[in-house]
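Chemist: quick one: sequence plus predicted model below, questions after.
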Amino acid sequence: MKLNYLFVLAICFAMSFLPQTVIAQENSNTITYGETLVGEISNREFEIEYRFTGSTGDVIVLEMQPAEVLGDLDHPVIMVLDTDYTPLWDAGSYGSAVLAAVLPYDGEYVILATRSDGRAGDSVGEYTLTLSNLPVIEPGALIEGEVSSEGVVYHAVDATAGPFSINYQKTSGEFFPEILVNDISEAELDEIASMSGTFVSATMTIDPAYVSGDVLVISLHEGLWDWNFDEVTATYTLTIEQRRGTAKNM
């Protein structure tokens with residue numbers, strides 16, 4: 001009996017030195033493109049792990065939104081790592097976290113939904129985590145979509161073909177979204193041009209010479225100073241047209 005007891009103690013002692021990554025893999029969740037999952041950050045569990053599979057060149061957007069706008073989860077942070085737990089990107093800000101990136105390899109990636117300052121942080125609460133894969137719009141393409149005052153719609157645009165125009169046309173609905181054109185800079189969306197107002201149609205011309213990568217991200221959402229007490233929607237079309245001559249950002 002004494003020998004068996006010592007054997008069990010030895011096994012438990014050895015297991016305490018196993019890499020934490022093994023335990024993390026067993027407790028990880030799977031998230032797929034187009035999916036939204038619900039989780040909770042607490043002082044006990046402040047790093048929630050997810051895994052997804054992607055391909056080289058995929059344009060992804062990760063959104064971590066507090067379940068309660070005025071709740072205690074006010075500084076969410078998203079981290080993306082490879083399967084060796086080497087950090088690739090991170091993003092976070094007051095209120096919500098949005099991370100955008102172009103995937104560098106085929107295979108599995110690790111997401112950590114966490115908070116500012118990690119263990120020392122004090123943000124707690126439920127959140128939603130959404131993973132999107134944005135098809136890249138080529139010049140000449142026509143995109144049909146729908147946007148709501150209670151959400152954000154993203155589109156990726158090929159920025160390698162030279163100056164181009166983005167043409168927006170509202171086809172129905174009462175919602176007038178703000179439209180931003182964003183560069184992907186250090187895994188965050190960096191605004192380079194915008195359109196807002198009660199317009200039915202509008203056009204921006206963009207010169208990719210001032211863009212850091214090969215892809216731009218268009219986002220449509222409720223403007224900062226718009227107040228819609230009830231949800232309103234709009235359907236629209238986007239067309240991308242290649243331009244000649246000198247372009248200018250609007």
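Modeler: Looks like it arrived, so ask away. Residues are numbered from 1 along each chain as shown.
Chemist: please name the bridge partners of the residue nearest in space to the middle of the chain.
Modeler: In the chain, the centroid-proximal residue (Cα atoms, centre = their mean) is Leu62; its distance is 2.3 Å. Beta-bridge partners for Leu62, by DSSP bridges, are Leu99, Leu131.
Chemist: is the nearest residue to Pro139 once chain neighbours are set aside in a bridge, and if so with what?
Modeler: Among residues not flanking Pro139 along the chain, Gln242 sits closest, at 4.2 Å (Cβ to Cβ, 6 or more residues apart in numbering). Bear in mind the C-beta positions are built from the backbone N, C-alpha and C, glycine included. Counting by DSSP bridges, Gln242 forms beta bridges with Phe164.
Chemist: how many other residues sit next to Gln242?
Modeler: Neighbourhood size, Gln242 [other Cβ atoms under 10 Å]: 13.
Chemist: after the helix or strand of the chain with the lowest mean pLDDT, which helix or strand is next?
Modeler: Using mean pLDDT, DSSP states H and E, the weakest-scoring helix or strand in the chain turns out to be helix 20-26, at a mean of 36. Remark: after helix 20-26, the chain's next helix or strand is strand 29-30, criterion DSSP states H and E.
Chemist: what about the chain, any weak spots by pLDDT?
Modeler: For the chain, the stretches with pLDDT under 70 are 1-28, 244-250.
Chemist: quick check: chain neighbours aside, which residue is closest to Gly95?
Modeler: Nearest non-adjacent residue to Gly95 (Cβ to Cβ, 6+ apart): Asp74, at 6.4 Å.
Chemist: for Ile78, what are its contacts?
Modeler: Each residue near Ile78 by Cβ atoms under 8 Å, 6 or more residues apart in numbering is listed here: 62, 64, 90-92, 97-99, 111-114, 129.
Chemist: repeat that with 7 Å
Modeler: Contact analysis of Ile78 by Cβ atoms under 7 Å, 6 or more residues apart in numbering lists 62, 64, 90-92, 97, 99, 111, 113.
Chemist: am I right that it is in a helix?
Modeler: No - using DSSP: H, G, I helix; E, B strand; the rest coil, the assignment for Ile78 is strand, not a helix.
Chemist: please report how far it lies from Glu49.
Modeler: 12 Å (Cβ to Cβ, to the nearest Å).
Chemist: am I right that Ile240 is in a strand?
Modeler: Yes - membership of Ile240 in a strand is supported by three-state DSSP.
Chemist: quick one: contacts for it?
Modeler: Contacts for Ile240 (Cβ under 7 Å, 6+ apart) come out as 137, 139-141, 157, 164, 166.
Chemist: and if you look at Val200?
Modeler: Lys170.
Chemist: could you measure from it over to Glu150?
Modeler: Where Glu150 is concerned, Val200 sits at a distance of 21 Å (Cβ to Cβ).
Chemist: dig out what Met204 forms beta bridges with.
Modeler: Under the criterion used (DSSP bridges), Met204 bridges to Ile166.
Chemist: and the gap between it and Ser194?
Modeler: 8 Å.
Chemist: for Leu70, same thing?
Modeler: Using Cβ to Cβ, Leu70 is found at 27 Å from Ser194.
Chemist: those two: which has the busier surroundings?
Modeler: The neighbour count for Leu70 versus Ser194, taken as other Cβ under 10 Å, is higher for Ser194 (15 against 7).
Chemist: nice, that's everything, thank you.
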